[in-house]
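K.L.:
just coords:
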């Protein structure tokens, strides 16, 4: 199959960017001729283009002051680029790649089949449907009001220029739509009023040198001072506020049981939560590690006793999957993608992510019962390696591509 993957920019490393690059490589190894259409490709992050098993077609798109004009120009540039390749299928990932393909398709009598993969949904367009839990976060309305004029202006622009209608039209023009979780698929079906299939992501065992025999490095979890790990981008949506309140409660409940909380990640709210942690008297318990490179994050997973991952309205949640590779259980939000990944009471625990007392109670449960945490960690490892490896995901994705091309 001749396949074109469309993603706006591969300048930096991120969750969706990783998926696009790894998927292009996997599909090329499956025997497909893969071309990645993007505006930027970082060779420092992904390696030299000429060494890739797929091709990269760089799109020369000028960024205009108007988002509408930028996307229209992107569609025109992509249309010309696609015409130079004999493709069987075009595979955009997320908005605005879906819109670019929609514009590229207009006016053409023949066009390859289009399969859209949704890593998430555009919150700016569908906040009421997506941010069900986030809108109830303590202090949310104060933060919201601070930016309300800006948001009202954005909504007005969406109404005047019809951004939401364009997104709807772009998605409906696709021959098939996939999503990274059943949760994302459910939201997409509700928003777009069409069938969306779930194709859950997987994680590569080789990424951390784990292999089929399991982690071969040091497993220091269970040390004299238990370590609770958090891996997240530091922003309000990741619910760091509830976590800090839960840790405060734990300190009062467990004065004789020492523990540490390590928070790995950077983001726009890093300094804010660092200062807040100090004000709450947690400087000796909570450590903000900042950005941790991929080469080092494995040792953080290995050194932890368990993971806490309680974002609000998260579409997937790769972190609990990664933790499971190191035989670590996860305490996760009882909604969204993470609730699909973690089996409550078997591979980890579900928690009301908006209730600090509930979060504290679940953490206390695993701190008091380390053997239970170890059993859950083992169960998580076996479940993930059986159901959520990258190879399983790539095979399922390939099957969806083949099916889309073969249907009339």
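P.N.:
Sure, I can see it. Bear in mind the structure is a predicted one, so any value in this text is a computation, not a measurement.
K.L.:
wait, residue 315 sits on residue 180?
P.N.:
Yes. Proximity of residue 315 to residue 180 meets the contact threshold set by CB atoms under 8 Å, at 6.3 Å. For every residue, glycine as well, the C-beta is placed using N, CA and C.
K.L.:
tell me, what's touching the two both at once?
P.N.:
Shared contacts of residue 315 and residue 180, defined by CB atoms under 8 Å, 6 or more residues apart in numbering, comprise 119, 120, 337.
K.L.:
In helices, which of the residues you listed appear?
P.N.:
Secondary structure from DSSP state H places residue 337 of the shared contacts of residue 315 and residue 180 in helices.
K.L.:
okay, the shared contacts of residue 315 and residue 180 in TSV with pLDDT and distance to residue 108 next?
P.N.:
Output for the shared contacts of residue 315 and residue 180, formatted as TSV (pLDDT from 0 to 100; distance: CB to CB, whole Å):
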residue	pLDDT	distance to residue 108
119	95	27
120	92	29
337	95	36
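K.L.:
out of the shared contacts of residue 315 and residue 180, who's nearest residue 405?
P.N.:
For the shared contacts of residue 315 and residue 180, the residue nearest residue 405 by CB to CB is residue 119; the value is 22.0 Å.
K.L.:
Against residue 189, how distant is the closest one?
P.N.:
Remark: distance between residue 119 and residue 189 (CB to CB, to the nearest Å) = 16 Å.
K.L.:
Pick out whichever of those two has more residues nearby.
P.N.:
Higher neighbour count among residue 119 and residue 189: residue 119, with 20 against 15, using other CB atoms under 10 Å.
K.L.:
How about the contacts made by that one?
P.N.:
Residues counted as contacts of residue 119 (CB under 8 Å, 6+ apart) are 15, 16, 19, 93, 94, 180, 184, 315, 316.
K.L.:
Show me what counts as buried in the helix or strand that contains the second one.
P.N.:
Mapping residue 16 onto the secondary structure by DSSP states H and E places it in helix 15-29. For helix 15-29, the buried set under the neighbour-count rule, 16 or more other CB atoms under 10 Å, comprises 15-28.
K.L.:
So which elements touch whatever helix or strand comes next after it?
P.N.:
Next along the chain after helix 15-29, taking DSSP H and E as the criterion, comes strand 33-38. Other elements packing on strand 33-38 under the criterion 3 or more CB pairs under 8 Å, 6 or more residues apart in numbering; DSSP states H and E are strand 2-6, helix 15-29, strand 55-58, helix 67-83.
K.L.:
can you tell me which of those comes nearest to residue 310?
P.N.:
Closest approach to residue 310 among the helices and strands packed on strand 33-38 is made by helix 15-29 (17.5 Å; CB to CB).
K.L.:
And the closest one, what does it pack against?
P.N.:
If you count contacts as 3+ CB pairs under 8 Å, 6+ apart, helix 15-29 packs onto strand 2-6, strand 33-38, helix 390-406.
K.L.:
got these as a markdown table, with mean neighbour count, distance to residue 60 and mean pLDDT columns?
P.N.:
As requested, those are exported to a markdown table (neighbours: other CB atoms under 10 Å; distance: least, CB to CB, whole Å; pLDDT from 0 to 100):
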| stretch | mean neighbour count | distance to residue 60 | mean pLDDT |
| --- | --- | --- | --- |
| strand 2-6 | 23 | 15 | 98 |
| strand 33-38 | 23 | 11 | 98 |
| helix 390-406 | 16 | 28 | 96 |
